[in-house]
Structure formats: structure tokens, C-alpha cells
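S.K.: Coordinates for the following, if possible.
(chains A and B)
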Amino acid sequence: MEIRSEYFADERPETLHEIGQSRPRDDAPGHVTGKTGFFADRTFPDLLHLKMVRSPHHHALIKSIDTSEAERHPGVIRVITAKDVPHNLYTILILIQVGPEDETVLADKKVSWKGEAVVAVVATSERAAHEAAAKVKVDYEVLPAVFDMEEALKPGAPEVNPHHPGNYYEYDSGDHRKVRYGNIEEGFAMADHILEQTYSSSPIEQAPTETTGCIVAPEGNDRFTCYTNTQAMFFTLDNTSIILEMPGHKLHMVGGTVGGGFGGKVDVIVEPIAILAARLTGKPVSFIYSREEEMQISSPRAAEKIVIRDGVMNDGRLVARKVTGYTDAGAYSRHSPYGAQKGAAHYPGPYTVPNVWIDTYCVYTNRTPSSAMRGFGVTIADFALEVQMDKLARLIDMDPLEFRFINAYRDGDIKAHRQPTEGAALIECMQEASKVANWPVAEKYMAMSSAKREI
Amino acid sequence: MARIPVQFTLNGQEKAEFIESGATLLNVLRDRMGDTSPKGGCQQGTCGACSVIIDGELRLSCLTLAETCEGATIETAGGLANGSELHPIQQAIVDGFATQCGFCAPGMVMAIKVLLDAKPAPSREDVVEAISGNVCRCTGYEPIIQAVLSVSRSNSQQAV
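M.R.: Take a look at the predicted model:
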């Protein structure tokens, strides 16, 4: 490891103790010996197994549910439907007032994506639970489905989620998040060139090697210990408390080492229903996603569509940037309204542009609900922005790195969302990158500083 | 359900258990014998987290029926260290920052052991081939490859 101490030399003491040092990970010896305790590394003599009956349709009304044959299957202890869930409507971020509650734990009236949970089967073995799940009869009336965000926003599109009429998330600012800075029309009017490009991304599955799951053990006093690999312990505790209408002190959440998450284990999905199953049966219950469920059911990074329209001068100055971003939430909100909002704040990227216009929409479709994944809301935005920067540089026949130096934000610059820039280091990172990548730039760029502008 | 007896050697210890016919070695090791070092990442033989060594060969314990292991010698990552002293492969992974979440590490260690037992000084291509059945979603594999090569360099120095 190397520290380039010549950068920001006056902003820190001479001696750094921990920074720049390599330290061994405390948990690594446990990992390589197999001694690290993951949630599933526990055994209970009378453990029950939960399997979910899921919707085979993208969008359908539930006409009836018949669990009688499944209940008679050998080894089945309990079959759980919507009526067993005390508060069968939730949304994770209600904890920070991002409502409305829009998703059922177990579907009762309709399903809005292929894979939505409908009935939970609890049995003495995984095999018995699988076999019994196949015997649950659900009568569906298939509805038209919509998979494309722009189609979903058109009048007359199928209504994905009754809590979101029009198939968009209603922010306090209306049907989308807005950022307005300067005068966008004047910016485009003065530009030497205008470039508009559209960028699209697919959903991305986090694919951790350890699948999502939990094991719940009743403590015998209506208190439950839940061993879980959640990435969001307090989201899980508080949402479970809301869904099961149980005070938090009855719910003992035990986390620990997570076998890879990457955002895929931030949603609250397996714990409430597994705790309910343990409560209804009085026995420990395991609910662990199969690999197929992890890939098909767990929420991926959202698909996005981003339209960027930029005005640029021949001397390299970006003078106008208009962005319209669409985030595909799938059928339910989960973390996507937050992700779309983050995108709005993130544009126009680490560049200072005098005229900015941002609209970001969180759109509902009949696809798998999307949610958190590593920088969600800004990662795809950065992909689009940086590809756009390369195209703009090419358009004005300028070196792409020098083009970024010209537009890089500096300390004190006001961002489009009105926060002043502090602690910027883009200039210095690009200076170092220029050296390391052997991609030389003109001397005036190597003399720039994030702390102040020239002249 | 009818149960059948099975006996094998696990990390140097004689083990005997009555198991359900059709039980996987992974489940028997984890649930019946208390060795949770092999992990179940896919239960379909694609991720390698359950890798163990059976009679010197690398095997996927999630696809191995326990009843076929009668009389076998089985090694897992849980038995590799000598007390509190890590095996050189384990130490190299720790030193090289070649494990992050840790879920693939026990299987990865066994795949590497089979390689180095057969070929103490493997090429980079040999290492890539040897761990190609073990999915790691954290490291990007390069630190693991470098860790294996560091063990191999240390082996060849000892040989001199």
C-alpha cells in the first residue's frame, strides 16, 4: 500500500498511524478454518422447514386458495395464508416515513410479479414442505401485465399496485424528484454543441454465495430468537414488529457474519414469516432461499433508463445538463423510491455545471421488486454520465481526461441541489491516475487544485 | 424412514452414524457430525462452497450421498489446521487478504490443497483451473490466486 503524501499535505498531520498500514482481518482465521459462525451453522433437534408457494403469473387476481390437500400431506405441521399475518401490509422504509405501505407478506387479493409469495408451508423436512407446497391449489384470473417503464407511465396502462395509481411513486414534489439550477434553456441556447443520449441497464442480481435465510427458535415465553443473515438488523427488527404486531422486546434478532450481501440482504423478507411460523407451531423454523429463489426472487438492482442532454462549448465547458432518469421498482417500493431520489441528488455528477435540470421517476412494473445493491441510484447514473463525458470530449475533439479537468468540481462550488462542495479530490485523483495510467495531460491541468480555482 | 449405518474417517477421527438413505454428505457432516465448515451455497454442485476431500479427491459434498462414503477418508477445512496453527494454505489466504465474507473460503481451501498436494509448484493457469469450480463473489479471485502462488514459492524454497 502506498500513500501519496504530497497531495493535501497541509490538511493532515505528518504522522499517520493506521492510515497506510496493512492490518490483518480479525475474522480471516475463522473463515479459512470454517469456524466462523454463519446463521445456518446451527442445528435444532425438532427443526421445521418453511417453503413458499409463489405466483406463477406476472399479474393475476387470486380467486381462491385451497390448502386442504397440502395440510394432509405427511410431515406438514402448518400451512400459513394471508389471514394468519397480523398486519399483512408493509413497506420497509415506513420507518423513515417513506410510505405508503404497499406490499403484502402473503398475497391475498392479487399478485403483481412472477414469484410473489402466496402461501407458506411448514413441515418436518424440506422434502415434505416441497411436496406439500406443490399441493396448494390457487385459482388465478390472469391480468394484463406491463414490463416497460414508459409503457407503465402511459394512461390506461395496467395498474401494477393499487397503492401507486399511475404506476409512479408520488413524492412530495409530485410524480418525480426535481432538481432545478440556473436556466437550462439559456444554457442550451449558448452551447456550441448539444448531445442527447439514452442509456439503459438491466436488473442485476447480487448473487451472494450464501443465500438469504433465517432460523427462528421460540424461547417458550412468546419471545423468539431469530438467527438471520440480514444486512439490516434494525430494519428487520422494526418491520417484523410492525407486521407481527409484537413489541420489539419479544423479538431477539441475532446477526453475525453475512456470506456476501452486496445489498441483496437489506430487504425484510424471510424473518417475519419465519417468526410467525415459529409462533404458530411452537417449534424452531428454518426459511432459507434455494439458489433458484436467490437468483429469481430476491430483489436485484433496479433496471434504469437515463436520458442525458448536454450543452458543451468548444473550449470544453459544460454549460447545460438535463437528465431524465427512470428507476424500475418492479411491483413494490422496497428501497427504490429512495434510490431514484439519490439519483436526482447525484446528477450532474462530480462536475460543476451552471445550468441543470433533473427529473427522476420511480416507476412500478410487473417485474421482480428491485432494491438495494452497492451504490444503487448512483452506480448506473455514473456509468451513463461517464460514457456521456467521453462522447462529449470526442464531439469537441478534446482529450477525455482534460475535458474532465475543465469541468471537475472544486471546493466551494455550489452543487445543483444547493449544497456547497467540500473536500473535493477529483482533480488530485485524476492527476495521479494520469501518471499511473501513463495518460499525460497538459501541464496546466497537473497544476490544478481542488481547493481553489486558478486566477 | 429406514436408516442405514455408515462409517468413515473424518479429519482423522472414526465416525459412525445412522442416516436416512439419500442424505447428502454435506447435511450429514453439518447436521449430524457438527462439522459446519463445508457450506451449502447452491445445493446443486455449482458453487463449490461444500468442497471436501474424499480419499484424496476433491468432491462436492452436496452432490455426494453419505451412504457412498462407507470406509472413506474424508478431509474438510475444519480439520486442516494443526491446533491453533493454521495450515500454510490457510495462513497464505489470511496474509494475502484473500477472503472477505468467508463463505467460500473452506471450500476454496480444500480445492487448493488438492492442487498443491499433487503439484507443489503450480503455474498460474494450474491455479485458475483448480479453483474454477469455486465461486467467490467478494475478492475477484486475484488475491486467492496470488495467495496460492505464494504458498507454492514457499514450497519451492523449502525444497532448495
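S.K.: Give me the pLDDT value at B:Ser21.
M.R.: We have a pLDDT of 91 for B:Ser21.
S.K.: count of neighbours near the closest residue to it other than its chain neighbours?
M.R.: Spatial nearest neighbour of B:Ser21, excluding adjacent residues (CB to CB, 6 or more residues apart in numbering or on different chains): B:Ile4 at 5.6 Å. Placement of C-beta: from N, CA and C, glycine included. Other residues near B:Ile4 come to 14 when the count uses other CB atoms under 10 Å in any protein chain shown.
S.K.: And B:Ile4, how close does it get to chain A?
M.R.: Going from B:Ile4 to chain A by CB to the nearest CB, to the nearest Å gives 17 Å.
S.K.: and that residue, what does it touch?
M.R.: Residues in contact with B:Ile4, defined by CB atoms under 8 Å, 6 or more residues apart in numbering or on different chains, are B:18-21, B:67.
S.K.: do the same with B:Arg3
M.R.: Neighbouring residues of B:Arg3 by CB under 8 Å, 6+ apart: B:18-21.
S.K.: Also B:Asp126?
M.R.: Contact partners of B:Asp126, counting by CB under 8 Å, 6+ apart, are B:115, B:119.
S.K.: what helix or strand does it sit in?
M.R.: Per DSSP states H and E: B:Asp126 is located in helix B:124-130.
S.K.: Heading C-terminal from that helix, find the next helix or strand.
M.R.: Later in the chain than helix B:124-130, the nearest helix or strand by DSSP H and E is helix B:142-159.
S.K.: and that following helix, which residues are buried?
M.R.: By 16 or more other CB atoms under 10 Å in any protein chain shown, the buried positions in helix B:142-159 come out as B:143-145, B:147-152.
S.K.: thinking again about what came up before, save the contacts of B:Ile4 as CSV, and put in distance to A:Ile269 and secondary structure too.
M.R.: Shown next, in CSV, are those (distance: CB to CB, whole Å; DSSP: H, G, I helix; E, B strand; the rest coil):
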residue, distance to A:Ile269, secondary structure
B:Phe18, 36, strand
B:Ile19, 32, strand
B:Glu20, 30, strand
B:Ser21, 34, coil
B:Glu67, 36, helix
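S.K.: What about those residues, which one has the most neighbours?
M.R.: Result: B:Ile19 is most packed of the contacts of B:Ile4 (other CB under 10 Å), 20 neighbours.
S.K.: separation between that residue and chain A?
M.R.: In terms of CB to the nearest CB, B:Ile19 sits 13 Å off from chain A.
S.K.: Can you classify the residue nearest to B:Ser21 by secondary structure?
M.R.: Put simply, B:Ile4 is strand when judged by DSSP: H, G, I helix; E, B strand; the rest coil.
S.K.: any idea of the mean pLDDT for stretch B:110-123?
M.R.: In this model, stretch B:110-123 has an average pLDDT of 97.
S.K.: Contacts for that stretch next, please.
M.R.: B:48, B:51-53, B:56-58, B:75-77, B:80, B:87, B:89, B:126-127, B:130-131, B:133-134, B:144, B:148-149, B:151-152, B:155-156, B:159.
S.K.: again, only this time at 6 Å
M.R.: For stretch B:110-123, the surrounding residues in contact (CB atoms under 6 Å, 6 or more residues apart in numbering or on different chains) are B:51-53, B:58, B:77, B:89, B:130-131, B:134, B:148, B:152, B:155-156.
S.K.: got the residues of the stretch 1-150 of chain A near chain B?
M.R.: Residues of the stretch 1-150 of chain A lying close to chain B (CB under 6 Å from any CB of the partner chain) are A:28-29, A:31-34, A:36, A:41, A:43.
S.K.: switch to 10 Å and redo it
M.R.: Applying CB under 10 Å from any CB of the partner chain, we find that the stretch 1-150 of chain A lies next to chain B at A:22-25, A:27-38, A:40-44, A:47, A:125-127.
S.K.: Tell me the confidence at the residue nearest the centre of chain A?
M.R.: Among the residues of chain A, the one closest to the centroid is A:Ala372, at 1.6 Å (CA atoms, centre = their mean). You'll see A:Ala372 listed with a pLDDT of 95.
S.K.: And for A:Gln21?
M.R.: The model reports A:Gln21 with a pLDDT of 79.
S.K.: cool, A:Pro162 as well?
M.R.: 97.
S.K.: That one should be in a strand, yeah?
M.R.: No - under three-state DSSP, A:Pro162 sits outside any strand and is assigned coil.
S.K.: Enumerate every residue touching it.
M.R.: Neighbouring residues of A:Pro162 by CB atoms under 10 Å, 6 or more residues apart in numbering or on different chains: A:102, A:109-110, A:112.
S.K.: Counting neighbours, what do you get for residue 16?
M.R.: I'll assume chain A. Close neighbours of A:Leu16, defined as other CB under 10 Å, add up to 11.
S.K.: wrong one, chain B
M.R.: 8.
S.K.: Can you classify it by secondary structure?
M.R.: Assigned by three-state DSSP, the conformation of B:Ala16 is strand.
S.K.: restrict the contacts of stretch B:110-123 to contacts with chain A.
M.R.: Contacts with chain A are made by B:77, B:89, B:134 out of the contacts of stretch B:110-123, judged by CB under 10 Å from any CB.
S.K.: Which one of those sits in the busiest neighbourhood?
M.R.: In these, the most neighbours by other CB under 10 Å go to B:Ala77, 29 neighbours.
S.K.: Can you report phi and psi for that residue?
M.R.: phi -60, psi -30 (degrees, to the nearest 10).
S.K.: Derive a ChimeraX selection command for the buried subset of the residues of the stretch 1-150 of chain A next to chain B.
M.R.: To isolate the buried ones among the residues of the stretch 1-150 of chain A next to chain B in ChimeraX, judged by 16+ other CB under 10 Å, type:
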select /A:27,28,29,30,31,32,33,34,35,36,38,40,41,42,47,126
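S.K.: Now intersect the residues of the stretch 1-150 of chain A next to chain B with the helices, please.
M.R.: A:28-33, A:126-127 (DSSP state H).
S.K.: from chain B, which residue is nearest to chain A?
M.R.: B:Ser37 (2.4 Å; CB to the nearest CB).
S.K.: any idea how far that residue lies from A:Leu89?
M.R.: Distance, B:Ser37 to A:Leu89, by CB to CB, to the nearest Å: 42 Å.
S.K.: Settle it for me: which of those two has more neighbours?
M.R.: Neighbours of B:Ser37 and A:Leu89, each counted by other CB under 10 Å, are more numerous for B:Ser37; the result is 25 against 17.
S.K.: who's in contact with the more buried one?
M.R.: B:Ser37 makes contact with A:32-36, A:41, B:11, B:29-30, B:50, B:52, B:76-80, B:105-107, B:109-110, according to CB under 10 Å, 6+ apart.
S.K.: How far off centre is the longest strand along chain A?
M.R.: Of all segments of type strand in chain A, defined using DSSP state E, the longest is strand A:318-330. Chain-centre distance of strand A:318-330: 17 Å, with CA atoms, centre = their mean, to the nearest Å.
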